[in-house]
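# Coordinates for the following, if possible.
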Amino acid sequence: MPGDIPAFKSPVGEARYFAAYDAALGLWPVPCESIDVTTDYGQTHINACGSKDALPLVLLHGGYAGSTMWFPNIADLARRFHVLALDTIGEPGKSVPTRKNASKRDMAAWLVGVLDELGISQTHVIGLSRGGWLALNLAIHAPQRLRKIVLLSPAASFIALNRFFSAIVGSVIHIPTRSVAKIALYSWVTKGFMVNEVYAEQFILGLQNWNWTMGTNGYSGVMPSVFPDEELHQIKNPILMLIGDHDRLNPPTVIDRAKQMIPQIEAEIVPCAGHLLSMEQPERVDACVLEFLTGRRVEI
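You can find the predicted model right below:
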């Protein structure tokens, strides 16, 4: 993998991760096209599907999850949009960073660069966890590039990351064993939910083999943090926020703060779901998201 920053600890680990990534992409029930675009921050890999004549919809995955995580949702989304699922640069995936994203402005500039290279003037965006934080950050720095925004369990956007998150990240960084990585994965879902074993293998290998020294706390540059009130007040784009009722990062009270900062936000609690709610309750999440994006009720 070319690039000035070694993304993985070793070539062997990188190869194992990519094999697992390709296997997880095989879970997608619709054909997809692999696209690579180059920005000032490196090469961004995109898995695209759906009609190219449809409105664009950018998907931003959760931290270290990779764009393959959308396998439970992609068929519903691709029937109505030209879906572009990005591998966030600076995290496990097929994107190739060549510099660190040192600020929130850098993170927004990276996404703007991707949209420019794709020839997209405006797009809907769905972001889960860190991806939700990235979507809000883009709305603050380049609102004209966005139509509607969907936030799924956004990380640290309205309330600070808690000790649980810090403990999980610290454990994976300092004890990157398979068992610890598996515990980290299952800490994000409700008790008893079984993550698809093919996808779980990719996620676990990503945590194990990622070069955690390349960025602060394992991220290439900026750790998600609460946006100041004045930044959130700037956001005028229509927003839907969905929170799982067992989400350890976002208690239900986060909705109150979100509505105080962004009055036009629509919010809903998804029952029987944790932080990875799009994976745990795909039919419910897809129905809510598509109704919001299309403006009409959609049968799933």
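# Let me see the ranges of the strands in the stretch 201-300 of the chain.
239-244, 266-270 (DSSP state E, counting those that start in this stretch).
# Name the helix or strand of the chain that has the lowest mean pLDDT.
Within the chain, no helix or strand scores below helix 163-174, which has a mean of 78 by mean pLDDT, DSSP states H and E.
# so how far is it from its chain's centroid?
19 Å (C-alpha atoms, centre = their mean, to the nearest Å).
# Could you export that helix as CSV, CA atoms only?
Only the C-alpha atoms of helix 163-174 are listed here, as CSV (Å, rounded to 0.1, in the frame of the first residue of the first chain):
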residue,chain,number,x,y,z
ARG,A,163,-15.0,6.6,30.7
PHE,A,164,-16.4,3.5,29.1
PHE,A,165,-15.2,4.6,25.7
SER,A,166,-11.8,5.6,27.0
ALA,A,167,-11.4,2.3,28.7
ILE,A,168,-12.3,0.4,25.5
VAL,A,169,-10.0,2.4,23.3
GLY,A,170,-7.2,2.2,25.9
SER,A,171,-7.5,-1.6,26.2
VAL,A,172,-7.3,-2.1,22.4
ILE,A,173,-4.3,0.2,22.0
HIS,A,174,-2.3,-1.3,24.8
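# Which elements pack onto it?
helix 178-186 (3 or more C-beta pairs under 8 Å, 6 or more residues apart in numbering; DSSP states H and E). C-beta here means a position set from N, CA and C on the backbone, and glycine is covered the same way.
# Please enumerate residues in contact with the helix it packs on?
For helix 178-186, the surrounding residues in contact (C-beta atoms under 8 Å, 6 or more residues apart in numbering) are Ile168, Ser171, Val172, Val195, Ala200, Phe203, Ile204, Leu205, Leu207, Gln208.
# just the angle between that helix and helix 163-174, please?
150 degrees (axes from the mean of the first three to the mean of the last three C-alpha atoms, to 10 degrees).
# And helix 178-186, what's buried?
The neighbour-count check on helix 178-186 (16 or more other C-beta atoms under 10 Å) flags Val180, Ala181, Lys182, Ala184, Leu185, Tyr186 as buried.
# can you tell me which of the residues you listed lies nearest to Leu293?
Using C-beta to C-beta, Leu185 comes nearest to Leu293 of the buried residues of helix 178-186, at 28.4 Å.
# Nearest spatial neighbour of Ile173, chain-adjacent residues omitted?
Spatial nearest neighbour of Ile173, chain neighbours left out: Trp212 (4.9 Å); criterion: C-beta to C-beta, 6 or more residues apart in numbering.
# Show me the helices in the stretch 51-200 of the chain, by range?
74-78, 104-118, 130-141, 163-174, 178-186, 197-209 (DSSP state H, counting those that start in this stretch).
# out of these, nearest to Gly50?
helix 74-78 (3.7 Å).
# Can you tell me which helices and strands that closest one packs against?
Counting by 3+ C-beta pairs under 8 Å, 6+ apart, the packing neighbours recorded for helix 74-78 are strand 82-86, helix 282-294.
# for the ones you listed, which one ends up most surrounded?
strand 82-86 (a mean of 26; mean count of other C-beta atoms under 10 Å).
# what's the angle between that one and helix 104-118?
Going by the same axes, to 10 degrees, strand 82-86 makes 140 degrees with helix 104-118.
# Quick one: mean pLDDT for strand 82-86?
For strand 82-86, mean pLDDT rounds to 98.
# Direction included, what does it pair against?
Partners of strand 82-86 in the sheet, by DSSP bridges, are strand 42-49 (antiparallel), strand 56-60 (parallel).
# Of the strands of the stretch 201-300 of the chain, flag the one that's most buried.
strand 239-244 (a mean of 24).
# Now do that one: distance to the chain's middle.
Relative to its parent chain, strand 239-244 has a centroid offset of 14 Å by C-alpha atoms, centre = their mean.
# Just checking: what are the partner strands of that strand?
strand 146-152 (parallel), strand 266-270 (parallel).
# Identify each buried residue in the first one, please.
Under the neighbour-count criterion of 16+ other C-beta under 10 Å, strand 146-152 has Leu146, Lys148, Ile149, Val150, Leu151, Leu152 buried.
# mean confidence for stretch 13-24?
Averaged across stretch 13-24, the pLDDT comes to 97.
# which residues are contacting that stretch?
For stretch 13-24, the surrounding residues in contact (C-beta under 8 Å, 6+ apart) are 1, 7-8, 66, 68, 71, 92-94, 198-199, 201-202, 205-206, 208-209.
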